[in-house]
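Visitor: the amino acid sequence is not available; the structure is as follows:
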């Protein structure tokens, strides 16, 4: 927590803002400051709030909010602050609402006096004020005003601003907690918010749904496919909420994807361990189940660890085992994050690896312990390493565990020795070598190592792993030097259990312990009495008197457990008659079952992965267990959305029909086998996108809904991608064949068709681009030649933006832009540029569009859609396409709006004019040999260590083949002319660029040298 700033003599905050991070010194108790009441505390702030100047009020509110942020109690200022709720200054009013939201629940009486002001503020033109007023109203925890809050939420749910609608969704759980009798009305509002088309609202609406009415799955039926389609564009915490909700939905609505795979595990040992498991046919899933898995797959590349964990638990609890491997790489990536994140992720990995060893076996070295790891991280990694132990990797793991023995962390060393014992139990081939290693540890100088080794050896000997005579003899000699009670007790138990194998050693040990009995630990005393009884049964001549002596000592012990145990065991010594003595051998010398050494996560498979209950290994308060998969899942037609307008009959979908594009955006994955290169054909379309996003969305849903309805009537041609690829033509209905066999003439493409063309691309893992408010940028893995070159999505995506319009030069309008490195919707030769406009003034900016253009030769621009209105303090994105003609010339143009015309300039770097491709090393060598002479450019520089990351950061190249020693290879194509670009970096010193365009290659080499120099 930040420390508070200096406090002036009268106790209030000083105006020195620079002291905000300096150390705060405690009050001297001797000065009596704890009992001194300062009646003038914060008087200066109250005077500033009562002044007529907005600047003083604003300064006072900033200081008060600073107090609140630092955890200081500012409730005594509530009367002075609440009076300023009627201030006409927007900045003051926003800060007042922030303060009131914090203290409205504590000062309810004073807050109630201002309710009429809050109600008037709900009609303010500024969306931030409307949202703030609603937050304050919902924070007043007085049941009497619940009808007023209900009315405010109902009005806010229909507000034009998505931000206000999002605030309404957040207020719903607050009102439900205050008055649950309003549930039916709140459910109606939730249903309305779930149907919202704005990604800003969707996440909050789902959050309200899970808090108020999670049992109403019928509300999710109608929006299920829309949620899957919009999931990648929702904010990160909204994604977590939606994925967790959809996980429970999938468990209730879909069949168990692993239902028919349980019997396959028994056959695996008969196959070669190196066999390709991908040859097995993929399980047939419900199309909507497949849609959910395909829609969440891109989120595995998210920068937010909570999003990745949410998707990982979805794949763990609701996906086929063959596909859960996709989450493994993403979870391993999170291990580079903060320690807190590592702890949660490793906890989840330990639980998964206890059930599925093969999932993380490829990432074995990622779980090796580092010296900088905290103890809890080390213990979790040990658990995972032990879970992943197999016949093939046990030698690697044991060598790694051997190095941990010398660690200074005693708790970690003890866990390491236990891990060695578990490895010895699970892999019989290494049991003897592990026992020998543990016996050698008995001579270690560290007492903790010796003690833990004794305990583990005891467990191993119980499994009848080896002849115990020599080991017990060795441990008996060490008994005098071992002081750890648990280890001494383990040695005594072993002596008693195997006393017949060491008849000369055991009585002598009992004699020594009889002398020190009164000084021993309680657990050792109990084992001494057990040893005495067992030796009396097997060797009564030598031990009879010792037994009596020990039981007499135990009879007067301070511990009542020991006294009770002595009273019981005394019945078996001489001169005691009774039936129980005849059963002494069967009682004490019976064969004991071997202990079961298993993972501590073994009994917690039913807890939801990533939840608090799973982390603490017990059910926490409020935990809701995951519902089981239904034996007979509900029909999938409950998720079919009726079309609003149907102008023509939908065409049945055919897998190989490359012309039919009128599908849902989220159904694009089912056309995997029919990926084509028709995106380049969209260049011929001369129509421009002038409609707003909401109009296109509604039109989009109408067409796609009609397609969905007809798709269910035909055969399973629009089902999951696996089942559709295996389906033969003979299995299709005859009426579908007849319709497919008659090709229809192509129609002129509209703006909507350009969007739907994206569904023709391959739907493997898309790259997460942090675009603001856009749709999912699909991956464009288009095969130029399947055997030679493959176009791949960008590996690195820029998040740093550059300034386009300064807010001073723009008279209040500012804009930033960045290259997204994704293909533009109109033409793949255009660079896709994301522009973010911001209104920094207190009035609307209208009619933002592109004006005059001053472009170089053969350059072109595809205009962004006209922005009719940009509200105060609002931000709106726009997508611009520029064809730079493979040059780094600047694109100069004007941006026109109600404030005037502004001349701007977009200048690309050479690395942004490249399309990444991938090829094998053999193809790389062949292409490179043809681009020698003047097409080859060589430079020398001492490069940085992370060469690959730097190259991908400054250029949009693809990584080729496997690294050959110290040689790295990258490849790409120029956007406009598709000229081949090959980059080779050898020994981090020599950079070779081969390019068909000599000028382009020379500029690219200079760019690489500039960025890679140390």
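Guide: Done, it's in. Predicted model only: the values in this text are computed from it and were never measured.

Visitor: flag the shaky bits of the stretch 401-550 of the chain, pLDDT-wise.
Guide: Along the stretch 401-550 of the chain, the model assigns pLDDT under 70 to residues 464-467.

Visitor: in it, which spans are helices?
Guide: 410-426, 431-440, 447-462, 468-477, 485-497, 505-515, 522-538, 540-555 (DSSP state H, counting those that start in this stretch).

Visitor: buried residues in stretch 49-64?
Guide: For stretch 49-64, the neighbour count (16 or more other CB atoms under 10 Å) marks 49, 56-61, 63-64 as buried. All C-beta spots, glycine's among them, are computed from the backbone N, C-alpha and C.

Visitor: give me the distance from that stretch to the chain's centre.
Guide: 42 Å (CA atoms, centre = their mean, to the nearest Å).

Visitor: likewise for stretch 493-510?
Guide: 56 Å.

Visitor: contacts for it, please.
Guide: Here stretch 493-510 makes contact (CB atoms under 8 Å, 6 or more residues apart in numbering) with 458, 461, 468-469, 472-473, 475-476, 479, 492, 527-528, 530-532, 534-535, 538-539, 542-543, 546, 550, 588, 592.

Visitor: try stretch 939-946
Guide: The contact list for stretch 939-946, computed with CB under 8 Å, 6+ apart, reads 950, 985, 988-991, 993, 1005-1006, 1008-1009, 1012-1014.

Visitor: ok, now stretch 845-858?
Guide: Residues contacting stretch 845-858 (CB under 8 Å, 6+ apart): 812-813, 837, 839, 861, 863-864, 866-870, 878, 880, 883, 885, 887, 889, 891-899, 901.

Visitor: just these: which are in strands?
Guide: 813, 837, 839, 861, 867-870, 878, 880, 883, 891-897, 901 (DSSP state E).

Visitor: stretch 622-630: which residues count as buried?
Guide: Neighbour-count burial for stretch 622-630 flags 626, 629 (criterion: 16+ other CB under 10 Å).

Visitor: again with stretch 865-884
Guide: Buried, per 16+ other CB under 10 Å, within stretch 865-884: 865-867, 870-872, 874, 876, 878-884.

Visitor: in this structure residue 360 contacts residue 384, no?
Guide: Yes. Counting by CB atoms under 8 Å, residue 360 touches residue 384, with 7.1 Å between them.

Visitor: how about the secondary structure of residue 978?
Guide: Under DSSP: H, G, I helix; E, B strand; the rest coil, the three-state class of residue 978 is coil.

Visitor: so what's the closest residue to it other than its chain neighbours up against?
Guide: Of all residues beyond its chain neighbours, the one nearest residue 978 is residue 915 (7.6 Å), with distances taken as CB to CB, 6 or more residues apart in numbering. Residues counted as contacts of residue 915 (CB under 8 Å, 6+ apart) are 791, 823, 828, 956, 972-975, 978.

Visitor: ok, now residue 141?
Guide: In this structure, residue 141 makes contact with 105, 108, 178, judged by CB under 8 Å, 6+ apart.

Visitor: need the pLDDT of it.
Guide: Looking at residue 141, its pLDDT is 82.

Visitor: how about residue 185?
Guide: As summarised for this prediction, residue 185 has a pLDDT of 93.

Visitor: and it, how many residues sit next to it?
Guide: Around residue 185 there are 13 other residues, counting by other CB atoms under 10 Å.

Visitor: cool, residue 345 as well?
Guide: For residue 345, using other CB under 10 Å, the count is 23.

Visitor: related to what we said a few turns ago, helix or strand for the residue nearest to residue 978, which one?
Guide: In this assignment (DSSP states H and E), residue 915 forms part of strand 914-919.

Visitor: from the buried residues of stretch 49-64, which two are the most distant?
Guide: Distance extremes for the buried residues of stretch 49-64: the farthest pair is 56 and 64 at 12.5 Å, using CB to CB.

Visitor: correct me if wrong: residue 352 contacts residue 313.
Guide: No. Residue 352 is beyond contact range of residue 313, at 9.7 Å (criterion: CB under 8 Å).

Visitor: gap between the nearest residue to residue 127 once chain neighbours are set aside and residue 101?
Guide: Nearest residue to residue 127 in three dimensions, chain neighbours excluded: residue 161, at 3.9 Å (CB to CB, 6+ apart). Here residue 161 is placed at a distance of 18 Å from residue 101 (CB to CB, to the nearest Å).

Visitor: one more: residue 353?
Guide: Between residue 353 and residue 101 the computed distance is 44 Å (CB to CB).

Visitor: so between these two, which is more surrounded?
Guide: residue 353 (24 against 18).

Visitor: quick one: contacts for that one?
Guide: 359-360, 384, 387-388.

Visitor: switch to 6 Å and redo it
Guide: Residue 353 sits next to 360, 384, 387-388 when contact means CB atoms under 6 Å, 6 or more residues apart in numbering.
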